[in-house]
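Visitor: Fold the following for me, if possible:
(one chain, ligands or ions: 1)
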Amino acid sequence: MHTASLDLPKLYDQAADFMPLLGTDYLEFYVSNSKQAAHYYKSVMGFQSLAYSGLQTGNRDYESYVVVQDKIKLVLTSPLRSGTDVGRHIDQHGDGVKVTALWVEDATKAYEEAIKRGAKHYMSPTKEEDENGYVVRSGIYTYGEVVHIFVERNEYKGIFLPGFQKWETAYNPDPVGLKFVDHMVGNVELGAMNKWVEYYEKVLGFAQILSFDDNDISTEYSALMSKVMSNGNGRIKFPINEPAEGKKKSQVDEYLEFYEGPGVQHIAVATDNIIDTVTKLKERGMEFLQVPGSYYDALEERVGKIDEDIEALRPLGVLVDRDDEGYLLQIFTKTVQARPTMFFEIIQRKGAQSFGKGNFKALFEALEREQELRGNL
Ligand code: FE2
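Guide: Below you'll find the predicted structure:
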């Protein structure tokens, strides 16, 4: 199946969902320098200071800065000494996403349901409390070393989680209009995609809403396959990629080589004004993949009339695609850490619920030009 329209359940019955997920709670990155990473996310991407855990809060092992923009919370964690599991993780993978935290009503039940269905244990249900109330968290592994932590926070009024204090700072750059996590994509090894599709179906009750094969996603040289998994209410979407045979090394292979295993490839964040958001991000130093100008010459013919002026999209490099339900605008950053692994997508949906299949060819050719410059094609 490779269709442009989505197979979303028409009616969502939360009572019948054994794993009701309310949204993405936070994403935790293990990074080699949390203080500098926090500065980058504030200065370049417009995140705001929220919370801190480290020596000043009595945490002698790790330092974490939490930044926020609308519904998106990022936790940036570094070890404060040698010999930690975080340090070992960074040594193997470089900077990357360790935790995708999912907001739930009942973290104990979510954990028990997942474990009963075959999830691999990461963290037993744990109650954490301070003067602002309590939070219950639990966790399971997904692909590679990535984990999902279930967060139950109905009884908590504090700034982030127990153990964190408010991070006050005089440096507060403006937001750039990022609203929420639209989807988060994982790269897994050749032949492993279907195993993880089944995992999300069985353990978390997700459904496959879309798939792409190597006929959809191939350039002259490299290819990949992808299946998009969604939870019942559609708030959480996890596409899973695996490399496909090509004449040269696939972008997924390059990721797997440099991340030294499966992991999060990109995080798509939504805006309701992509022209304004990308203009600000560029002014602040974010680098984006660029498609050739010929892409815009053929654009109206491919996607029809859109609200935006195509001449305003061209200098920014914003891409457009259409499906049965509407259209979307999207753009991809270059990778954002030393290793050529993770990057961001900025997306604005105008009806379309798909992922930009019409842009894959132009985009992957742009990716391959970057790979070639790195000597990895
Ligand atoms: Fe995406």
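Visitor: contacts, neighbours, all on C-alpha from now
Guide: Noted.
Visitor: Give me the nearest residue to L328, chain neighbours excluded.
Guide: R349 (4.4 Å; CA to CA, 6 or more residues apart in numbering).
Visitor: Please report how far that neighbour lies from G358.
Guide: R349 sits 15 Å away from G358, going by CA to CA, to the nearest Å.
Visitor: cool, F164 as well?
Guide: 44 Å.
Visitor: ok, these two, which is more surrounded?
Guide: F164 (22 against 18; other CA atoms under 10 Å).
Visitor: Would you mind listing the residues in contact with V269?
Guide: Counting by CA atoms under 8 Å, 6 or more residues apart in numbering, V269 touches L178, K179, F180, V181, D182, H183, F344, E345, I346, I347.
Visitor: who wins for most neighbours among the residues you listed?
Guide: Most surrounded of the contacts of V269: other CA under 10 Å gives I347, at 28 neighbours.
Visitor: Is that residue in a helix, a strand, or coil?
Guide: In three-state terms, and counting by DSSP: H, G, I helix; E, B strand; the rest coil, I347 is strand.
Visitor: Equivalent analysis for D182, please.
Guide: On the basis of three-state DSSP, D182 is classed as strand.
Visitor: ok, it touching D272?
Guide: No: contact status for D182 versus D272: not in contact, 11.9 Å apart, counting by CA atoms under 8 Å.
Visitor: Which residues belonging to whichever helix in the chain runs longest are considered buried?
Guide: Secondary structure of the chain per DSSP state H: the longest helix is helix 360-373. Buried residues in helix 360-373, defined by neighbour count with 16 or more other CA atoms under 10 Å: F360, K361, A362, L363, F364, E365, L367, E368, R369, E370, Q371.
Visitor: got a list of contacts for stretch 343-357?
Guide: Counting by CA under 8 Å, 6+ apart, 4-6, 182, 216-217, 265-274, 278, 320-336 sit against stretch 343-357.
Visitor: let me redo that: stretch 62-70
Guide: With CA under 8 Å, 6+ apart, stretch 62-70 has contacts from 34-35, 38, 41-42, 46-55, 73-81, 167, 175, 177-180.
Visitor: which residue ranges form the helices in the stretch 251-377 of the chain?
Guide: Counting by DSSP state H, counting those that start in this stretch, the stretch 251-377 of the chain has helices at residues 251-259, 274-283, 294-297, 299-303, 310-313, 360-373.
Visitor: Format the ones you listed as CSV; extra columns: mean pLDDT.
Guide: Compiled in CSV, the helices of the stretch 251-377 of the chain are given as follows (pLDDT from 0 to 100):
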stretch, mean pLDDT
helix 251-259, 95
helix 274-283, 98
helix 294-297, 91
helix 299-303, 92
helix 310-313, 95
helix 360-373, 85
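Visitor: closest one to Y156 among those helices?
Guide: helix 274-283 (32.2 Å; CA to CA).
Visitor: how about low-confidence regions in the protein?
Guide: 1-11, 217-222, 247 (pLDDT under 70).
Visitor: Show me how it divides into domains.
Guide: 14-166, 178-374 (automatic domain parsing).
Visitor: residue at max distance from the center of the protein?
Guide: Here the chain reaches farthest from its C-alpha mean at E131, the gap being 32.2 Å by CA atoms, centre = their mean.
Visitor: Please report phi then psi for that one.
Guide: phi -70, psi -10 (degrees, to the nearest 10).
Visitor: residues touching it, list them.
Guide: Counted by CA under 8 Å, 6+ apart, E131 has zero contacts.
Visitor: Kindly provide the distance from it to E311.
Guide: With CA to CA as the criterion, E131 and E311 are 54 Å apart.
Visitor: Then G133?
Guide: For G133, the distance to E311 - CA to CA - is 52 Å.
Visitor: Looking at those two, which is more packed in?
Guide: G133 (15 against 10).
Visitor: residues touching that one, list them.
Guide: Counting by CA under 8 Å, 6+ apart, G133 has contacts E155, Y156, K157, G158.
Visitor: Identify the bridge partners of it.
Guide: With DSSP bridges as the criterion, G133 is bridged to D130, Y156.
Visitor: what's the answer for the one 5 residues further on, then?
Guide: The bridge-partner assignment for S138, based on DSSP bridges, gives F150.
Visitor: And G263, by the same measure?
Guide: N187.
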